[in-house]
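S.K.: Provide a 3D model corresponding to the input given below.
(2 chains)
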Amino acid sequence: MDLKEKLLASFMAFENQLDLEHPVHDIRSEAIKNFEQLGFPHRKLEAWKYTSLASLQKTDFTLFPKEDNSLEYREVKPYFLHEIDTYKIVFIDGIYSSYLSETTHDGVDICLMSAALTKPMYKPIIDVYFNKIAKAEDSLTSLNTAFTREGAYIYIPKNKAPRKPVEILHLSTGSEAALMLQPRNLIIAEDNAELQVIERHQSLSSNAVLTNAVTEIFAGKNAQVDYYKVQNDREGASLIDNTYIDQKDSSQVSVHTFSFGGKLTRNNLNFFQDGSGINSVLKGVTILGEKQHVDHHTLVHHQQPHCESHQDYKGIFGQQSTGVFNGKIIVDKIAQKTNAFQQNNNLLISDKANVNTKPQLEIFADDVRCSHGCTIGQLDQEALFYLRSRGIPQKEASALMMYAFANNVLESVRIPELKARINKLIAKKLGVNVGFAL
Amino acid sequence: MLKIKNLHAGVESKKILKGINLEVKPGEVHAIMGPNGSGKSTLASVIAGKEDFEVTRGSIVFEGEELDELAPEERAHKGIFLSFQYPVEIPGVSVTNFMKTSINETRKAQGQKEMPANQMLKLIREKSQLLEIDRKFLSRSLNEGFSGGEKKRNEIFQMAMLEPKLAILDETDSGLDIDALRVVANGVNKLRSESNAFVVITHYQRLLDYIVPDFVHVIHDGKIVKSGTKELALELEEKGYDWIKQEAVL
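M.R.: Modelled structure (predicted):
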């Protein structure tokens, strides 16, 4: 039985454990039909030309893991941003760990999707926001919707800001030979609200894990949301991340994606600008080796005038790693005075590494500024000679240049301790011993 | 200190240097002049170890050691410094951190410990004052958005920091206004000593008013066609290079 059949066959049993009277039941039923019809995406589809899910579909993933896995804090401490105090929403093999988490209902809700989907007090919010921007025509998003049960739920009412950043951590223990996880997050920052989120998927063994995650983020008028995705998983882990962001007037949302690990990572990052004066920031640093694969598909849909978007993705590819960047920008006819900027720069440091990059601009307005630039290259030999002539050995000079290249993207990270962490990760990834912050 | 014998070098099939002979002793300043395309910058790059150029014949010996097999960084560790005609922009690396890395890598190669931070700061302060460099300038990305003059001043600042035995200044005067030229020349003159040497490559005599050479050599078509004292530079200024070219043909 391949993965699609297994998923379809499991759906009924899954639903029977849940409340069939809840309106979400209809959404799930609709979603599973979509998935059944569409199936897993395949390489004949333009959007999946360079990323194959074929081998994952042949893996016998466990869909519903045992519920008794627990972990001590000291075992997982390195995966938290433990230098600072944070709210924590932690899942172990897809199951919420109250022991490792720190949630709150003090003026803001930082808690669980399972609670939000079942408790009547959350129903008005769920009715307004849940599954409103996640694309039904995307088969993997529909698959996640069908199996929606758990994830992070964050609700920041008007004019509020939590006292500290929120960490969402998905841990997998390796107790199953192969495990499939489908977390579903809903994040709402109402007008003038502020929020910082750090999200991480971390496998603790080399066993296979496939995560198909969906996150919906709503930013109200003048809200500010900073979202950081740390993707530094182990060799058996694959991640398909589907993130949908809806922004209202004058809101600012940034998403930073740091892709340093995992076997296969696909990031579908979608911004919908539903107001004017909006700023959307999409930044990424990808540093890969071995046979790792990362595919960034971004979409920024400018639907109203006077908005901005800034995309800057840097990639460094070694050994036999492969990368994809596909950046789509749509500017509707009404969206005059749009300022859309997109850049994707890649360094290939091995003959066997491979990158495909493609800007995709669909502009229907006539008074806009849209710029894009994609580069794939090697280290600048002239610059390398310059550094070497000052006594810096070739290996260190190359590492220093790559470090500087990638580090540029970190300027916009607003949590200093996270920035320092990522800084160190980049240095470690590049094998450079950097005794200072550049 | 430096002995170049019958040096032939080029890029792929193109011969650029066709038999250079030059000896530089400690305490000396040599000026190398010549028309565009004569091979001046190639000579500088070959001494510094740029791998784009292939040495086909002859030798470069520095302090008794053949340089041919040495990488650019190894030559730097031995005390050779090249001030670039076109310094490269390196975004994301500040001047200060670049200098720290450069000095400490050199010390490491020489078997010394890293320079203590306070000593480094003192050195940076001292040398930046010598070159009249603003503190803010040091935290900027290396050469990124620098004016031509700032780039050249930064090259000489690096030289002052590294205190090389042999410094090759490749057209350091190009792109400098008269004030910047004075600052740069002053920096060079303050660093002159009995134990180090300079090779100053220039197209114009102007720089040599400020950095007075002991010897002047004229390169034409990959060879040194005339050598003399500083008066030769003045003669060139007056008569132009055509005179040398004609003489070379004869």
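
S.K.: Please count neighbours and contacts with C-alpha atoms only from this point.
M.R.: Noted.

S.K.: Surely B:Leu82 and B:Lys50 touch.
M.R.: No. The criterion here is CA atoms under 8 Å, and B:Leu82 misses it with B:Lys50 at 10.7 Å.

S.K.: of those two, who's got more company?
M.R.: B:Leu82 (25 against 19; other CA atoms under 10 Å in any protein chain shown).

S.K.: where does the stretch 151-300 of chain A have low pLDDT?
M.R.: By pLDDT under 70, the stretch 151-300 of chain A has no low-scoring segment.

S.K.: from it, which residue is nearest to chain B?
M.R.: A:Val285 (14.6 Å; CA to the nearest CA).

S.K.: That residue in helix, strand or coil?
M.R.: Assigned with DSSP: H, G, I helix; E, B strand; the rest coil, A:Val285 falls in the strand class.

S.K.: That one - how many residues pack around it?
M.R.: The number of residues near A:Val285, taken as other CA under 10 Å, comes to 26.

S.K.: what sits against it?
M.R.: When contacts are counted by CA atoms under 8 Å, 6 or more residues apart in numbering or on different chains, A:Val285 touches A:257-260, A:313-315, A:406, A:409.

S.K.: Can you give the domain ranges for chain A?
M.R.: A:3-274, A:390-438 (automatic domain parsing).

S.K.: could those go into JSON lines alongside distance to chain B and mean neighbour count?
M.R.: Listed next are those as JSON lines, based on distance: least, CA to the nearest CA, whole Å; neighbours: other CA atoms under 10 Å in any protein chain shown:
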{"stretch": "domain A:3-274", "distance to chain B": "18", "mean neighbour count": "19"}
{"stretch": "domain A:390-438", "distance to chain B": "4", "mean neighbour count": "18"}
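
S.K.: ranges for the strands of the stretch 101-250 of chain A?
M.R.: Using DSSP state E, counting those that start in this stretch, the strands found in the stretch 101-250 of chain A span residues A:109-112, A:152-156, A:166-172, A:178-181, A:184-189, A:194-203, A:208-219, A:224-231, A:237-247.

S.K.: Can you tell me the SS state at the nearest residue to B:Val184 once chain neighbours are set aside?
M.R.: Nearest residue to B:Val184, sequence neighbours excluded (CA to CA, 6 or more residues apart in numbering or on different chains): B:Arg153, at 6.0 Å. Following three-state DSSP, we place B:Arg153 in the helix state.

S.K.: In this structure B:Arg153 contacts B:Ser128, no?
M.R.: No. Here B:Arg153 lies out of contact with B:Ser128, judged by CA under 8 Å, at a distance of 9.6 Å.

S.K.: OK, now which residue of chain B is nearest to chain A?
M.R.: Closest point on chain B to chain A, by CA to the nearest CA, is B:Glu73, at 4.2 Å.

S.K.: how about the nearest residue to that residue, chain neighbours excluded?
M.R.: A:Gly391 (4.2 Å).

S.K.: residue contacts, that neighbour?
M.R.: Residues in contact with A:Gly391, defined by CA under 8 Å, 6+ apart, are B:72-77, B:102-103, B:105-106.

S.K.: hey, which helix or strand in chain B has the poorest pLDDT?
M.R.: Sorting the helices and strands of chain B by mean pLDDT, DSSP states H and E puts helix B:242-249 at the bottom, at a mean of 71.

S.K.: Next to chain A, which bits of chain B? Give me the list.
M.R.: Selection of chain B residues close to chain A by CA under 8 Å from any CA of the partner chain yields B:48-50, B:72-77, B:81-82, B:87-94, B:97, B:101-103, B:105-106.

S.K.: Let's see which of these end up in strands.
M.R.: B:81-82, B:90-94 (DSSP state E).

S.K.: Tell me the bridge partners for the residue of the stretch 151-300 of chain A closest to chain B.
M.R.: For A:Val285, the beta-bridge partners are A:Phe258, A:Lys314 (DSSP bridges).

S.K.: so which strand or helix has the residue nearest to the spatial centre of chain B?
M.R.: By CA atoms, centre = their mean, chain B has its centre lying nearest to B:Ile168, at 2.0 Å. Remark: B:Ile168 resides in strand B:166-170, with elements defined by DSSP states H and E.

S.K.: ok, and for whichever helix or strand comes after that strand, which residues are buried?
M.R.: Next along the chain after strand B:166-170, taking DSSP H and E as the criterion, comes helix B:178-191. Buried residues in helix B:178-191, counting neighbours by 16 or more other CA atoms under 10 Å in any protein chain shown, are found at B:180-185, B:187-188.

S.K.: Skip ahead from helix B:178-191 and say which helix or strand is next.
M.R.: strand B:197-202.

S.K.: tilt between that following strand and helix B:178-191?
M.R.: With axes from the mean of the first three to the mean of the last three CA atoms, to 10 degrees applied, the angle from strand B:197-202 to helix B:178-191 works out at 160 degrees.

S.K.: Strand partners (parallel or antiparallel) of the following helix or strand past strand B:197-202?
M.R.: Using DSSP H and E, the helix or strand that follows strand B:197-202 in sequence is strand B:215-220. Strand B:215-220 pairs in its sheet with strand B:29-33 (parallel), strand B:223-228 (antiparallel), by DSSP bridges.
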